[in-house]
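Enquirer: Give me coordinates for this.
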Amino acid sequence: MIEYEDNFDVEKKDLVKIIDVNVYMTPPPYQIPVLQCELEDGRSFSLYQIPVDVMLGIIRLKGEDVYNERETLFELITLFREDFNVIRNKIEMIVIDELDKETNLYNAKIIIRGDGYKIMKKMVPSHAIYLAYLLEIPMYVKKELVDQQERQSENY
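Expert: Okay, here's the model as predicted:
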């Protein structure tokens, strides 16, 4: 069992590792930005309506050209990817672990460890995934959320 402050307990068996991420826009007329997580068990987990600037940043991280008259913060940060070793060494992992029933939005946790401390912060999942992808930090999603998303998509 992995134990974290703020009563965040999770067993590895309850998580699925995210091995890659892809971003795309759904076809017109809606054109919704989507972040699709490819999971180690062969399934996928999707986040819809992600911020376009996060989508552009991930595209840039994947080495694809993005023409944008004005760079977003997420695109600009990719230029400094190699300079983030201090941060990289302090972030243990991110976990998408919750679906807020009131807002119907997912939440992620970032686990930060330093000399003599370990903290957990709640984050926007797409931002957490961008950071983890940028820094090559392990990313996970709770199996329960993947199972729930699969059940919902079967009903459509």
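Enquirer: pretty sure I19 is in a strand, no?
Expert: Yes: note on I19: a strand contains this position according to DSSP: H, G, I helix; E, B strand; the rest coil.
Enquirer: what's it in contact with, if anything?
Expert: Each residue near I19 by Cβ atoms under 8 Å, 6 or more residues apart in numbering is listed here: 38-40. C-beta here means a position set from N, CA and C on the backbone, and glycine is covered the same way.
Enquirer: Same question for Y130.
Expert: With Cβ under 8 Å, 6+ apart, Y130 has these contacts: 54, 57-58, 61, 74.
Enquirer: Over to E75?
Expert: Contact partners of E75, counting by Cβ under 8 Å, 6+ apart, are 53, 56-57, 60, 66, 68.
Enquirer: Could you export these as CSV, including secondary structure, distance to V95 and pLDDT?
Expert: Below are the contacts of E75 laid out as CSV (DSSP: H, G, I helix; E, B strand; the rest coil; distance: Cβ to Cβ, whole Å; pLDDT from 0 to 100):
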residue, secondary structure, distance to V95, pLDDT
D53, helix, 23, 92
L56, helix, 25, 92
G57, helix, 21, 92
R60, helix, 25, 90
V66, coil, 28, 77
N68, coil, 30, 78
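Enquirer: one step back: could you list which of the contacts of I19 belong to strands?
Expert: When these are checked against strands (DSSP state E), the matches are 38-39.
Enquirer: Just the buried residues of the contacts of I19.
Expert: Among the contacts of I19, those that count as buried by neighbour count (16 or more other Cβ atoms under 10 Å) are L39.
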